[in-house]
Every structure is written in structure tokens, then in C-alpha cells.
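**Student:** got a predicted structure plus its sequence, pasted below:
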Amino acid sequence: MSLPIIAIILTAALLHAVWNAIVKTAIDRTTTLGLVALGHVLPGTLMVVILPLPTAESFIYIALSTLVHFGYFYLLGRAYQHGDLSVVYPIARGIVPVLVSLWALLLLGEVLPFAVWCGIALIITGILFSSWKVLRSGVGSSALVLALATGFCISIYSLVDGVGVRVSGNTLSYWAWGAFLHLFIASFAGWRRRQTLLHLPARVWALGIAGGMVSMTAYGLVLYAKNFAPLGAVSALRETSVIFATLIGYFVLKEGNWKRRFGAAILMAFGIAVIGMNA
């Protein structure tokens, strides 16, 4: 895997951590997730107007991805009702690289070298180590089930988008339609929180929508990378967002133990290096 592709995926991971930090600090996370979805819709609407259509074949993948994203947002919001972000996030993201690699192997015939699997294992170990103290203290059954279900959804839309963008004929157009169809997620959240939205300060609206635009940018970068690298390897590098999130938690939100987080960062850095040299 080339250094530019690695840099693109790591940038996407950092941006993903940023928008999750925005959700974490929100008082009403369901409302904020709805505003994040709206932050996809606004630029997505402009892009679908000015860009050419992707191939007809790709629309089934766009529709399926939209459906799975709906489940992802719903389950993520529910998971945060039963467990802290520091518990839910590493579980949900930690299982994704293995699942995506397995789906890609079974359904697409993408065979990863043993060294890449070792790199994936290092990244997963780093993800779990970054939140080991919290995870060791115990995870409620509801939070655990919802976090695992969220991770399953992430793995499915990662696979679907990986195939869809490759047959779309235009990565920008595929990205635009995927973002625009977050309209269904934003509408659902808006309907459920319609009374709350009427009284939200302008700052909350702006922060949520900005978080959505950051999320959309991260999504686009990963889609681009999936044209050039195995889906399992992309997913593993993408999930380094966990360590970025924990570092933001320590330096910005003043959370946690810096030694554990630094150790996790080292493990994940080794994993990134192994994948980069062998994928």
C-alpha cells in the first residue's frame, strides 16, 4: 500500500475521531447524530446536482449502504444510551477489521497476506488496550450487544461501499449520493426530536452540521482509498480513529491515562507499518 493511500486513510480516521468527539460532548446525542446526518445532506445535495450520475449498477449498493447506515446511526444512538462512548466505541470499531476482512475473503475472494493479518491484530490489540481499564471494569449486556450490532453494521456498509465505489465509474458521484441519502436518517432523527430542535441554540445546530461535514469528508477519503487497497487493510487503518479519539479525550477532554494511550498508539503504529509494507 502506498504512503499517499495510508496518509489518506489516517486523515479519514482523524476526522472520524473529531466528529465522534463532537457527539461525545453533546447533551442530546440522538439530536446531534441527526444534525451530523444533515451535515452530509447539505453538501451532498449540491454535489448530486452538479456531478454526473454514477453507473446504474452502483445504485443498488448506494441504496443498501443507506439502509445499513440507518441501522448504524440508530444502534449507535441506542448504544450510547446504555454505555459510555469510551466503552461502546472501542468494541464497535474493534471488531470491524476482522469482519470486513472475512466478508471480503468469503464474498470477494480478497486474500490478505499473513503479515497483513498480523498488522490487523496489532491494531485491534491497540484499540482494546486504549480502553482496557474501562472494559475490564465490566460492560453491561445491553451496551455490549448494541456495540457489537453497531460494529456488524459498520462492517457491512464498509463492504458494500467498497464494492459499490469500484463499480460506480465515479468516486465523487458515489460519495455524493451516499451523503445525500443521509436525508432519511436526518429526517427520522428530526421527527423524533422535533420538539427539541425548535429550541436548540444556533451554536448546537452549527456544531452538529459541521461535525457532519467532517464525517462526510472522512467517508469520501475512505471511499477513494477503497479503489486502490484491499478492503480489510483499509478498514484496519480506518479504525485507528479509536486511538485518535482517545488522544483527543486525553489532551482536549482531560480523560484517562496517557501511558496506556501512548502504549496503544505504539501498537497501532506498528500495525500500520506492517500493513503498509505488505498490503
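**Tutor:** Ah, there it is.

**Student:** poorly predicted segments of the stretch 151-279 of the chain, please.
**Tutor:** 249, 253-258, 261, 279 (pLDDT under 70).

**Student:** for it, just list every one of the helices.
**Tutor:** Here the stretch 151-279 of the chain has its helices, by DSSP state H, counting those that start in this stretch, at 171-180, 183-192, 194-197, 202-225, 231-238, 241-251, 258-278.

**Student:** and what of the stretch 1-150 of the chain?
**Tutor:** Going by DSSP H, counting those that start in this stretch, the stretch 1-150 of the chain shows helices at 3-24, 29-50, 59-82, 85-94, 96-103, 114-130, 132-136, 141-167.

**Student:** state the mean pLDDT of the shortest one.
**Tutor:** Predicted confidence along helix 132-136 averages 65 (mean pLDDT).

**Student:** before we move on, back to that, let's have the helices of the stretch 151-279 of the chain in JSON lines, adding distance to Asn20 and mean neighbour count.
**Tutor:** All C-beta spots, glycine's among them, are computed from the backbone N, C-alpha and C. Output for those, formatted as JSON lines (distance: least, C-beta to C-beta, whole Å; neighbours: other C-beta atoms under 10 Å):
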{"stretch": "helix 171-180", "distance to Asn20": "18", "mean neighbour count": "24"}
{"stretch": "helix 183-192", "distance to Asn20": "16", "mean neighbour count": "17"}
{"stretch": "helix 194-197", "distance to Asn20": "21", "mean neighbour count": "12"}
{"stretch": "helix 202-225", "distance to Asn20": "9", "mean neighbour count": "20"}
{"stretch": "helix 231-238", "distance to Asn20": "13", "mean neighbour count": "29"}
{"stretch": "helix 241-251", "distance to Asn20": "6", "mean neighbour count": "22"}
{"stretch": "helix 258-278", "distance to Asn20": "16", "mean neighbour count": "18"}
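
**Student:** tell me which of the ones you listed lies nearest to Leu51.
**Tutor:** Smallest distance to Leu51 across the helices of the stretch 151-279 of the chain (C-beta to C-beta): 4.7 Å, for helix 171-180.

**Student:** can you list the neighbours in contact with that closest one?
**Tutor:** 40-41, 43-45, 47-48, 51-54, 58-59, 62, 65-66, 69, 161, 164-165, 168, 216, 219-220, 223-224, 227 (C-beta atoms under 8 Å, 6 or more residues apart in numbering).

**Student:** number of nearby residues for Leu107?
**Tutor:** 11 (other C-beta atoms under 10 Å).

**Student:** residue contacts, it?
**Tutor:** With C-beta under 8 Å, 6+ apart, Leu107 has these contacts: Leu159.

**Student:** returning to that earlier point: Provide a PyMOL selection command restricted to the buried entries of the contacts of helix 171-180.
**Tutor:** To isolate the buried ones among the contacts of helix 171-180 in PyMOL, judged by 16 or more other C-beta atoms under 10 Å, type:
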select buried, resi 40+41+43+44+47+48+54+58+62+65+66+69+161+164+165+168+216+219+220+223+224
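
**Student:** so Ala92 touches Ser155, yeah?
**Tutor:** No - in this structure, Ala92 is not within contact of Ser155 by C-beta atoms under 8 Å, at 10.0 Å.

**Student:** list the contacts of the nearest residue to Ser158 once chain neighbours are set aside.
**Tutor:** Among residues not flanking Ser158 along the chain, Val100 sits closest, at 4.9 Å (C-beta to C-beta, 6 or more residues apart in numbering). For Val100, the contacting residues are Ser155, Ser158, Leu159, Gly162, Leu231, Gly232, Ser235, by C-beta under 8 Å, 6+ apart.

**Student:** switch the cut-off to 7 Å
**Tutor:** Each residue near Val100 by C-beta atoms under 7 Å, 6 or more residues apart in numbering is listed here: Ser155, Ser158, Leu159, Leu231, Gly232, Ser235.

**Student:** I'd like those residues laid out as a markdown table, including distance to Leu197.
**Tutor:** A markdown table is the format used below for these (distance: C-beta to C-beta, whole Å):
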| residue | distance to Leu197 |
| --- | --- |
| Ser155 | 32 |
| Ser158 | 30 |
| Leu159 | 34 |
| Leu231 | 37 |
| Gly232 | 39 |
| Ser235 | 34 |
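
**Student:** show me which of these is closest to Phe251.
**Tutor:** Out of the contacts of Val100, the member with the shortest distance to Phe251 (by C-beta to C-beta) is Ser235, at 26.0 Å.
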